[in-house]
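Student: The following comprises the amino acid sequence and a computationally predicted model.
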Amino acid sequence: MTVEDSGQIRAAEEIERLRKALDEETQRSTEAQKQLDRAGADFEEFISVTAHNLRESLRDVAAFSQLLGENCAGRLDPDGGMFIARIREGAASAQALLADVVAYWATGTGECQSSRTDMEAVLRQALRLAEKQITERGAVVTHDALPMAYGDSEILAKVLHHLVKNAIEYCGEPVPRVHISSKRVEFNWVFSVADNGIGIDAAYHDRIFGAFKRLHGKERPGNGLGLAFCKKAIEWHGGTIWVESTPGAGSTFFFTLQPAD
């Protein structure tokens, strides 16, 4: 056997060893992915069952506190009436928080199934969701013509709803004014939601997108999940979201989506 033959044999043996090692690593990775998938499915079921049970409990608290207030009407002192009202408010707040937590958790857990979406229709749905806030504050909401984009219409409607609702809630003027527009920038549509609100200091521009990160505590309504949901939803669509703002001069939230034209 020549030196050349010996070298070829060793090379072949090394290649075979590496192939077997690669096969073993692939098998381990496949098994690990299966375990991860099983764990994800188990956790999803756990979240679903837990959310269902909590909804039932909160529904009971809300319903029976209302019945208690009605049955005891006229027999309670002012403190008793206030306590029942606080129980009902707490139940409603917990129900809203649970709904937002489930929505936040569910968004981004799978592959985004985008389709051609009419952002005009998405905005109409978002404004229907925000109708109560708009009416209560007498807000003026305007918009430019919006384009077609790739996305999940239901999720994007929730994104715009949160942004419009926040713009109204954090308005420092007697009449909240919100304007929604879009512009094409290179390969993306950039959507914007501008307001005449109190503005946000630059030090907090990134922080406000974190879950449960609230700048004003209980001074303002909300649970700190709205902007976190928006960030997660837009990134799930492959886009980005950010804010430009100066205290006292309003805020403009921007997000990008892929064009569908």
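Tutor: Thanks, I have it.

Student: Dump stretch 118-131 to PDB, keeping only the CA atoms.
Tutor: The C-alpha trace of stretch 118-131 is given here as PDB (Å, rounded to 0.1, in the frame of the first residue of the first chain):
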ATOM      1  CA  ASP A 118     -56.800  46.900   2.800                       C
ATOM      2  CA  MET A 119     -55.500  49.200   5.500                       C
ATOM      3  CA  GLU A 120     -58.500  51.500   5.000                       C
ATOM      4  CA  ALA A 121     -60.700  48.600   6.100                       C
ATOM      5  CA  VAL A 122     -58.300  47.900   8.900                       C
ATOM      6  CA  LEU A 123     -58.600  51.500  10.100                       C
ATOM      7  CA  ARG A 124     -62.400  51.400  10.000                       C
ATOM      8  CA  GLN A 125     -62.400  48.300  12.200                       C
ATOM      9  CA  ALA A 126     -59.900  50.000  14.600                       C
ATOM     10  CA  LEU A 127     -62.000  53.100  14.900                       C
ATOM     11  CA  ARG A 128     -65.100  50.900  15.700                       C
ATOM     12  CA  LEU A 129     -63.100  49.300  18.500                       C
ATOM     13  CA  ALA A 130     -62.100  52.800  19.800                       C
ATOM     14  CA  GLU A 131     -65.600  54.300  19.300                       C
END
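
Student: Would you map the strands across this protein?
Tutor: Remark: strands assigned in the chain by DSSP state E are 115-118, 140-143, 148-151, 177-185, 188-195, 241-245, 251-257.

Student: what are the pairing partners of the fifth one, and which direction each?
Tutor: With DSSP bridges as the test, strand 188-195 is paired with strand 177-185 (antiparallel), strand 251-257 (antiparallel).

Student: Just the residues contacting stretch 66-78, thanks.
Tutor: With contacts defined as Cβ atoms under 8 Å, 6 or more residues apart in numbering, stretch 66-78 is touched by Gly80, Gly81, Ile84, Ala85, Arg88. In this view, the C-beta of every residue, glycine as well, is placed from N, C-alpha and C.

Student: Export the strands of the chain as CSV, with columns for distance to Asn166.
Tutor: Shown next, in CSV, are the strands of the chain (distance: least, Cβ to Cβ, whole Å):
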stretch, distance to Asn166
strand 115-118, 22
strand 140-143, 13
strand 148-151, 20
strand 177-185, 10
strand 188-195, 8
strand 241-245, 10
strand 251-257, 8
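
Student: can you tell which of these is closest to Val101?
Tutor: strand 241-245 (19.8 Å; Cβ to Cβ).

Student: As PDB, could you dump the C-alpha coordinates of the closest one?
Tutor: The C-alpha trace of strand 241-245 is given here as PDB (Å, rounded to 0.1, in the frame of the first residue of the first chain):
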ATOM      1  CA  ILE A 241     -42.300  50.200  15.300                       C
ATOM      2  CA  TRP A 242     -40.900  53.400  17.000                       C
ATOM      3  CA  VAL A 243     -42.000  56.700  18.400                       C
ATOM      4  CA  GLU A 244     -40.900  60.300  17.800                       C
ATOM      5  CA  SER A 245     -42.000  62.700  20.400                       C
END
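
Student: how about the strands paired with strand 188-195, which one is nearest Ala103?
Tutor: It's strand 251-257; of the strands paired with strand 188-195, that one is closest to Ala103 (Cβ to Cβ) at 17.1 Å.

Student: Can you list the low-confidence ranges for the stretch 1-150 of the chain?
Tutor: For the stretch 1-150 of the chain, applying pLDDT under 70 flags the ranges 1-8, 33, 36-48, 51-52, 104, 106, 108-113.

Student: how about the helices of it, start to end?
Tutor: 3-71, 78-106, 119-129, 131-137 (DSSP state H, counting those that start in this stretch).

Student: Tell me which of the ones you listed is the most buried.
Tutor: With neighbours taken as mean count of other Cβ atoms under 10 Å, the helices of the stretch 1-150 of the chain reach their highest mean count in helix 119-129, at a mean of 18.
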